[in-house]
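Kindly return the folded structure for what I paste below:
(2 chains)
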Amino acid sequence: MNNEMNWVHHGYHLGVYFWRPTVWWNPVAGVGPEERAWLEEKYPGWNDSFGKYWDEMGKNIRAGQPELTLPETFPIVCNSCQLPVCTPAGYAAGYLDSPLPRQLTIDGRTYTFCSEPCQWVFEQTPEQFKGHTSIVDRLLSGVIQPPTIPGALAYMGLSPEECGQDGTDYDWAHATAPVLAGPIASGTA
Amino acid sequence: MALFPVQGIVEGDFVVVLVTADDADPMTAVAQAIAHHGIGTRVAAQDRPLKVRYQGKVLADTATIADTGCAPMDVLEVIYG
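Purely as a prediction, here's the structure:
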């Protein structure tokens, strides 16, 4: 579980931003040069492991295609915590042995989990959890109509005005790296 | 031919996504359906062919979901060949 402290929040950071229409605030989550420098200092290797996703999204925004930073489908969500399953992030960053989610079949229904603790919680009292349907289950079972992102947002009670948008109007993707004051700039001449 | 939901993972991506494929489509089409939700959006494209891996085995390009015995919501990985 301590392993997850190294990567899972970076995955959720990406998830909140990419699926921002599903939240009811405007995420100020874009990673510009200044934020990158901070993340790299605090989490050495962040640019290689997680910066690459922001590279791609920033490139699309600068190319005038911000729609490519918005979802056309849903993430698979954990049948315990209901959060997106980000195991591929842990694998890609070198912390997990496999990108595959954990799965468990009970009474013919297969449940998907984001982590060992979530599966453990579920297995302690399966009777409490096994009847619950996730947002993805509801899309597939026909409860959500139409079974699309707009249909799901309406089902969640989110009007277009309430859906989250980029909190900086994409400023982060156009920002340039700040000039840092170093020994020369700080002036000895 | 029937729509068939799977859990899709694009190699190098950060999240598992819901993808609807067609159970009669060849794996080349299934790979594209899954890749659509990751490559070029969060994962940089590479000039290499895409392959589908299921339960650790890379599937033939001509195989269909019906051929593989894949069940709805099983996990299919898209990898570069």
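
C-alpha only now, for contacts and for neighbours.
Fine.

Help me see whether stretch A:16-31 makes contact with chain B, please.
No - if you take Cα under 8 Å from any Cα of the partner chain as the test, stretch A:16-31 misses chain B, and the best it gets is 9.1 Å.

correct me, but A:Trp28 touches A:Thr168?
Residue A:28: Val, not Trp. Yes - at 6.1 Å, A:Val28 and A:Thr168 qualify as touching, with contact defined as Cα atoms under 8 Å.

Who are the contact partners of A:Gln82?
A:Ser134 (Cα atoms under 8 Å, 6 or more residues apart in numbering or on different chains).

Does it lie in a helix or a strand, and which?
Using DSSP states H and E, A:Gln82 sits in no helix or strand.

Please report phi then psi for it.
Main-chain dihedrals, A:Gln82, degrees, to the nearest 10: phi 70, psi 10.

cool, the one 4 residues further on as well?
The phi/psi pair for A:Cys86 (degrees, to the nearest 10) reads phi -110, psi 20.

Was I right to think it contacts B:Phe14?
Yes - applying Cα under 8 Å as the test, A:Cys86 and B:Phe14 come out as touching, 5.6 Å apart.

joint contacts of those two?
In terms of Cα under 8 Å, 6+ apart, A:Cys86 and B:Phe14 are both contacted by the residues A:Gly11.

And the contacts of the strand of greatest length in chain B?
Criterion DSSP state E: the longest strand present in chain B is strand B:3-10. The contact list for strand B:3-10 (Cα under 8 Å, 6+ apart) reads A:76, A:88, A:99, A:140, B:15-23, B:34-35, B:38-39, B:72-79.

Give the buried residues for it.
Neighbour counts over strand B:3-10 (16 or more other Cα atoms under 10 Å in any protein chain shown) mark B:Phe4, B:Pro5, B:Val6, B:Gln7, B:Gly8, B:Ile9, B:Val10 as buried.

State the mean pLDDT of that strand.
Here strand B:3-10 scores 96 as its mean pLDDT.

Give the next helix or strand downstream of it.
Strand B:3-10 is succeeded, C-terminally, by strand B:17-22 (DSSP H and E).

Please identify the buried residues of that following strand?
Neighbour-count burial for strand B:17-22 flags B:Val17, B:Leu18, B:Val19, B:Thr20, B:Ala21, B:Asp22 (criterion: 16+ other Cα under 10 Å).

Also stretch B:57-67?
By neighbour count with 16+ other Cα under 10 Å, stretch B:57-67 contains the buried residues B:Leu59, B:Asp61, B:Ala63, B:Thr64, B:Ile65, B:Ala66.

do the same with stretch A:105-112
Going by neighbour count (16+ other Cα under 10 Å), the buried part of stretch A:105-112 is A:Tyr111, A:Thr112.

Pull up the distance across it, start to finish.
Taking Cα to Cα, to the nearest Å, stretch A:105-112 runs 9 Å from one end to the other.

now that stretch, how far from the centre of its chain.
Computed by Cα atoms, centre = their mean, to the nearest Å, the chain-centroid distance of stretch A:105-112 equals 25 Å.

hmm, back to that, so which of the buried residues of strand B:17-22 is the closest to A:Val136?
B:Leu18 (7.8 Å; Cα to Cα).

Distance of that closest one relative to chain A?
Distance of B:Leu18 to chain A, given as Cα to the nearest Cα, to the nearest Å: 6 Å.

Kindly state the beta-bridge partners for that residue.
Judged by DSSP bridges, the bridge partners of B:Leu18 are B:Gln7.

which ones are touching B:Ile39?
So B:Ile39 contacts B:Val10, B:Ala45 (Cα under 8 Å, 6+ apart).

Phi and psi next, for it.
According to degrees, to the nearest 10, B:Ile39 has phi -80, psi 130.
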